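**Student:** Could you work out the structure for the sequence below:
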Amino acid sequence: MDGGVKVLSFGGGVQTVTIAAMCCLDEFERPDHVVFSDTQWETKATYAYLEWFSAWAMQRGMEILRTTAGNIRSDALDPGKRFASMPLFTETGQLMPSGKKEDGRIRRQCTREYKVDPVNRVIRGLAGLKSRQRWKGDPCELWLGISTDEAAMRVKDNREKWIKNRWPLIELNMRRGGCVEWLRRHGVPVPPKSACIGCPNHNNPYWLALKRDSPEEWASACNFDDAIRKHRVSLRNAVYLHRSLVPLREANINEDQPDMFENECEGFCGT
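**Tutor:** Numbers count the residues shown, from 1 in each chain. Next up, the predicted model:
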């Protein structure tokens, strides 16, 4: 392989499932490879759907390759490991009119280290390239599951010169809602929202549903939220999963907050 390969970065959510299903049903050209990067902290519902869809796709000639950079939850809580920071909430030094300190966000590194880089490594491996060996030939075409309702903030060129991004849903002028309609029309079950259980980008309805319907996963998120302040004491200020800057288990999760990307990672978490 000397370049020109087409790869779908598969996040397991509505958009990339739609692209993959379209390819399986010959409504869109097929990529050469489909790659899912597993953070090992998705919901049980997502993993169950991935098992079903992987088998469904395989029956139609499409293999979904899996890769991982490790378990994002346990890695974040291990003081002996470098922290690929999540967009956690923290206080800033600026005071609000109420006298409370303004909330801020930590710079996000988790997307690149647990989603972007693992996919890139798989692509390089498929090309037979060794570490630091230069890519030769035509750029790799990387397909991303970004729909038209997300395009303004998420469509951008790839940082790597040997990768050219492509957005099939933009080409097809499809919104997320259109993807849901397409899946239903073609008898493909709509996947649950795909994202890490303890992602700080979740909104209150997500947290409320997790607490009500998945107590074990709710406990995993709450325990992580408690532990991150204990195990990452090197961070300048205390950090939280919830924007209210209180422990998640104590947060008021009955009021909504903006949900820019429907809580889905889709392989690149909005990058």
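**Student:** so how far is Gly70 from Asp226?
**Tutor:** Separation of Asp226 from Gly70 (CB to CB, to the nearest Å) stands at 21 Å. The way it works is simple: take the backbone N, C-alpha and C, and place the C-beta from them, glycine included.
**Student:** cool, Val180 as well?
**Tutor:** Using CB to CB, Val180 is found at 32 Å from Gly70.
**Student:** One more: Asn204?
**Tutor:** As for Asn204, its distance to Gly70 is 29 Å (criterion: CB to CB).
**Student:** Then Pro168?
**Tutor:** Distance, Pro168 to Gly70, using CB to CB: 29 Å.
**Student:** and what of Phe89?
**Tutor:** Separation of Phe89 from Gly70 (CB to CB) stands at 24 Å.
**Student:** what about those two, which has more around it?
**Tutor:** Set Phe89 next to Gly70 and count neighbours by other CB atoms under 10 Å: Phe89 wins out with 20 against 17.
**Student:** Now do the same contact list for the more buried one.
**Tutor:** Asp103, Gly104, Arg105, Ile106, Pro200, Val239, Tyr240, Leu241, His242, Arg243, Leu245 (CB atoms under 8 Å, 6 or more residues apart in numbering).
**Student:** Among these, which one lies nearest to Val155?
**Tutor:** Arg105 (21.9 Å; CB to CB).
**Student:** Just list the residues touching the residue lying closest to the closest one once chain neighbours are set aside, thanks.
**Tutor:** In space, and not counting its chain neighbours, Arg105 is closest to Pro87: 4.9 Å by CB to CB, 6 or more residues apart in numbering. Taking CB under 8 Å, 6+ apart, we find Pro87 in contact with Arg105, Ile106, Arg107, Arg108, Cys110, Pro200, Asn201.
**Student:** Widest-spaced pair of those residues?
**Tutor:** Farthest apart among those by CB to CB are Arg107 and Asn201. That separation is 14.0 Å.
**Student:** Those two: which is more packed in?
**Tutor:** Asn201 (22 against 8).
**Student:** What values do phi and psi take at that one?
**Tutor:** Backbone torsions of Asn201, given as degrees, to the nearest 10, read phi -80, psi -10.
**Student:** Give me the pLDDT for it.
**Tutor:** Note on Asn201: pLDDT of 93.
**Student:** what do you get for Asn263?
**Tutor:** At Asn263, the model reports a pLDDT of 45.
**Student:** wait, what's in contact with Trp167?
**Tutor:** By CB under 8 Å, 6+ apart, the contact list for Trp167 reads Trp143, Leu144, Ile146, Ala151, Val155.
**Student:** again, only using 10 Å
**Tutor:** By CB atoms under 10 Å, 6 or more residues apart in numbering, the residues touching Trp167 are 15, 19, 142-148, 150-151, 154-155.
**Student:** Type out the ChimeraX command that picks the buried ones from the residues you listed.
**Tutor:** To isolate the buried ones among these in ChimeraX, judged by 16 or more other CB atoms under 10 Å, type:
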select :15,19,142,143,144,145,146,147,148,150,154
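**Student:** For Ile106, report the pLDDT, please.
**Tutor:** With respect to pLDDT, Ile106 scores 86.
**Student:** what's near enough to touch it?
**Tutor:** If you count contacts by CB under 10 Å, 6+ apart, then Ile106 has Phe83, Ser85, Met86, Pro87, Leu88, Phe89, Thr90, Pro200, Leu235, Arg236, Asn237, Val239 around it.
**Student:** mind checking how far Ser37 is from Arg60?
**Tutor:** When distance is defined by CB to CB, Ser37 is 22 Å away from Arg60.
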